[in-house]
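Visitor: Sharing a model prediction with you, sequence too.
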Amino acid sequence: MKFFRTHTLQEIAEIAGNEFVGEKDFPVTGINEIHVVEPGDIVFVDHPKYYDKALNSAATVILINRKVECPEGKALLLSEDPFSDFNKITQHFRPFKPASKSISDSSVIGPNTIIQPQVFIGNNVTIGKDCLIHPNVSIYDNTVIGDGVVIHSGTVLGGDAFYFQKRAHGFDKLKSCGRVIIEDNVEIGAACTIDKGVTGDTIIGEGTKLDNQVQIAHDTIIGKRCLIASQVGIAGCTRLEDEVTLWGQVGVISDITIGKGAVVYAQSGVSKDLEAGKTYFGSPAGEAREKYRELGMIKNLPSLYEKIKK
Amino acid sequence: MKFFRTHTLQEIAEIAGNEFVGEKDFPVTGINEIHVVEPGDIVFVDHPKYYDKALNSAATVILINRKVECPEGKALLLSEDPFSDFNKITQHFRPFKPASKSISDSSVIGPNTIIQPQVFIGNNVTIGKDCLIHPNVSIYDNTVIGDGVVIHSGTVLGGDAFYFQKRAHGFDKLKSCGRVIIEDNVEIGAACTIDKGVTGDTIIGEGTKLDNQVQIAHDTIIGKRCLIASQVGIAGCTRLEDEVTLWGQVGVISDITIGKGAVVYAQSGVSKDLEAGKTYFGSPAGEAREKYRELGMIKNLPSLYEKIKK
Amino acid sequence: MKFFRTHTLQEIAEIAGNEFVGEKDFPVTGINEIHVVEPGDIVFVDHPKYYDKALNSAATVILINRKVECPEGKALLLSEDPFSDFNKITQHFRPFKPASKSISDSSVIGPNTIIQPQVFIGNNVTIGKDCLIHPNVSIYDNTVIGDGVVIHSGTVLGGDAFYFQKRAHGFDKLKSCGRVIIEDNVEIGAACTIDKGVTGDTIIGEGTKLDNQVQIAHDTIIGKRCLIASQVGIAGCTRLEDEVTLWGQVGVISDITIGKGAVVYAQSGVSKDLEAGKTYFGSPAGEAREKYRELGMIKNLPSLYEKIKK
């Protein structure tokens, strides 16, 4: 998430009351998670195991719970609880604003777009032209929708990331300030849920079609012209390249990549990267022809047992 | 889908600008997909592989991309792109009409039926008597609901069929003009999605009960007194005969038939026709006793390996 | 379900026109299912197989279809159809009251709680302080929500139990009069469905987090600080102890217990009690390490077959 303007290190340090290491006017332009950081970004780290990764990432401001040596050209924000202070900074720059009406005055809706009754459109939502939003859709703040998009009833765009940290007293939630971006000519079925990115964007690529009851978690990026059948669930930070087909009730784990044009048969569970252009089946999923061979073997087990007995 | 009156071949040909073969006043009464066509219907075909099937079907008007010999007593509509022209004809006879309010004035609601707040009821919807429609239900245009029906919150009836054709530029959608028909004494849980037929009807039979988050795709026909547990997904054009029981999270592929009284255990994946009166399990599903036997064999594999080593 | 005051046996008997065995002023304080009955409760039984269980339960009033000997200190209500008469009593004490507006005047909403647009809040709902209810949520009558609860769009709390009895003419529904109770600091994702108890309560324990599209059936009790990922379905009357983790698309059967701290991997199907503190996988689920061992064995089947051939 980028701030609306560049802030100084000192300004940022005052938000959560952090001491800092670096020039007080060191420029800070955004706040992001480790997997999407860029120069100007704040990243947080609270476990020594990940110190090096955070200090050596593209982020130039590290919110950290130990006064380590500051890398050249970077700055540190010192915190007893980086997780909480990260939330404070997010909250400062993207506070939740309750809606005063069903369609926010700050939303922008393109020409020839039809909004059916009982649609909720939050603050700073942008919807392109020639779209059709069916009844009882909920579009949370800051969602971006392209042209020619169809969204069916009951679908929810921009819900919070399911991202919790276990603490002594229970779970603390990492506040999400990312967005959902729906590119042109996407169609989304009924009762789908697409969560916003934690700090980055969840993206549904151009021309992709989602059937009903599909779940897309935070920061997941779906390529162009994918087909995703009903009741598929895709966990966070996963990437589908273009023209991937997932049949009904497939589950996909977080943080993996499914290659271009891959096809995954119904009810499969994808637990690791899949190569482009191949066909997969099973839970955990493997190449379909191997999985079918295994299924044949299993069917033959009774006769195998008989043979061995003899 | 039947037109409201009989049209002439010439009238129809003018809609998409097609040349035609046949008498100009040849009667045309509807438009349908190949699996539900009747005399008087237009059917479309754009691949030589399916020419014979379309020409020999019950349909009497064939929208086709080659000037073949016209069968006796039938007519042809000639088109460079039958898929698009089929959509044009659908669009002409069943244009999408945006709603002006949450409950359309053209809907008919029977006596003693309770409509809770925030229900959307589209154009030409019919709801019988003694029904209870809970809040935030969305009922799209032309849906037909019988007597004594209960529909829980968040459910969506009449969403578009998930039916796309891959073209050079991406996916083109076949426009749906069918309906959802809910027969008497059906109960539908919360957050279910039941899509309309492409040109025919999706039907939930008398006395059938659906739990929450059930997905029923286009043109699927569910028999009477079926029990469908939560998170079941049934793909398009499938048929459940009467008194079928599907337990939680079952998936059913398209275009198959599940026989009367069959029972399918939880999380099974049904990939082919199932016989009546039997009990099934597994993904892909087989008879439950065989599947349980296989599971037992798999559990014994470690000891089998040991034996073979010796 | 407890009545608002104690009634006499005679008062209760008049509701469905039952004869009774016992003192006419025998006290009756509620109506409950066999698994949650307490002294003062009515329980019903209509099959000789379960007579003893009902007569010996904690319930002190037995609605029964045979004039058996009345246990000491208890009373009988005689009925030709205990199922129907149980429904009549439920209907008498907890009749469904249609809503006159989106947020019932009889609901109580705590300070600093934000209700976004298009939320439905039924009769006698209680919501604590510091909650955030997102758009298009449906909260049925009598639901109880604690403090600091977040509920995302499209979620439905308090739908009817999926509880039907097969009769000659089809299914009869057991009327639900229980409640949904959401304890403090629970977060519920988008498009979740949580059904009310039949006569008792469905409970989501303090600090538990549910992702999107989770289904929790009637009378199920989820402990504290559980994590339940997207598209999980949990059937009725099941108990999760504290700190259980269920990953995506897991299914859990009815009437079982998952022990404290157990972890169940994605797409597993839990069909029996699980011990505390262990990790499970598969459908049906077993201990993860055993299941992974079986999967390895299956992968080796082709080479095993080769060896045996030789």
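Guide: Received, thanks. Numbers count the residues shown, from 1 in each chain, chains lettered A, B, ... in the order given.

Visitor: can you pull the contacts of A:Leu274?
Guide: By C-beta atoms under 8 Å, 6 or more residues apart in numbering or on different chains, A:Leu274 lies in contact with A:Ile256, A:Thr257, A:Ile258, A:Gly259, A:Ala262, A:Val264, A:Tyr280, A:Ala285. (Each C-beta comes from the backbone N, C-alpha and C, glycine too.)

Visitor: what would the residues you listed look like in TSV with distance to A:Ala13, secondary structure and neighbour count?
Guide: Below are the contacts of A:Leu274 laid out as TSV (distance: C-beta to C-beta, whole Å; DSSP: H, G, I helix; E, B strand; the rest coil; neighbours: other C-beta atoms under 10 Å in any protein chain shown):
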residue	distance to A:Ala13	secondary structure	neighbour count
A:Ile256	37	coil	17
A:Thr257	37	strand	16
A:Ile258	41	strand	28
A:Gly259	44	coil	18
A:Ala262	46	coil	24
A:Val264	47	strand	28
A:Tyr280	49	strand	23
A:Ala285	47	coil	23
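
Visitor: Which single one of these is nearest to chain B?
Guide: Nearest to chain B among the contacts of A:Leu274: A:Ala285, at 12.1 Å, using C-beta to the nearest C-beta.

Visitor: Which of the contacts of A:Leu274 sits closest to B:Val137?
Guide: Of all the contacts of A:Leu274, A:Val264 has the smallest distance to B:Val137: 32.3 Å, by C-beta to C-beta.

Visitor: what is the closest one paired to in the beta sheet?
Guide: When assigned by DSSP bridges, A:Val264 has beta-bridge partners A:Leu246, A:Tyr280.

Visitor: what's the pLDDT at it?
Guide: For A:Val264, the pLDDT comes out at 98.

Visitor: For the stretch 101-250 of chain A, what lies in contact range of chain B?
Guide: Within the stretch 101-250 of chain A, the residues that sit near chain B (C-beta under 8 Å from any C-beta of the partner chain) are A:114, A:116-118, A:132, A:134-136, A:150, A:152-154, A:185, A:187, A:189-191, A:206-207, A:209, A:211-213, A:224-225, A:227, A:229-231, A:248-249.

Visitor: cutoff 7 Å now
Guide: A:114, A:116-118, A:134-136, A:152-154, A:185, A:187, A:189-191, A:207, A:209, A:211-213, A:225, A:230-231, A:248-249 (C-beta under 7 Å from any C-beta of the partner chain).

Visitor: Okay, and which of those map to strands?
Guide: If you go by DSSP state E, these have A:Ile114, A:Glu187, A:Lys209 in strands.

Visitor: From what I see, the last one and A:Gly189 are in contact.
Guide: No: with contacts counted by C-beta atoms under 7 Å, A:Lys209 stays clear of A:Gly189, the gap being 8.3 Å.

Visitor: Between the two, tell me which one has more neighbours.
Guide: Using other C-beta atoms under 10 Å in any protein chain shown, the more surrounded residue of A:Lys209 and A:Gly189 is A:Gly189, with 28 against 23.

Visitor: So chain A: which segments form each domain?
Guide: A:2-93, A:108-289 (automatic domain parsing).

Visitor: Contact partners for the closest residue to chain C within the stretch 201-310 of chain A?
Guide: Nearest residue of the stretch 201-310 of chain A to chain C: A:Met297, at 4.0 Å (C-beta to the nearest C-beta). By C-beta atoms under 7 Å, 6 or more residues apart in numbering or on different chains, A:Met297 lies in contact with C:Leu301, C:Pro302, C:Tyr305.

Visitor: Restricted to buried residues, select the residues you listed in PyMOL.
Guide: Buried residues within the contacts of A:Met297, by 16 or more other C-beta atoms under 10 Å in any protein chain shown, are selected in PyMOL with:
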select buried, chain C and resi 301
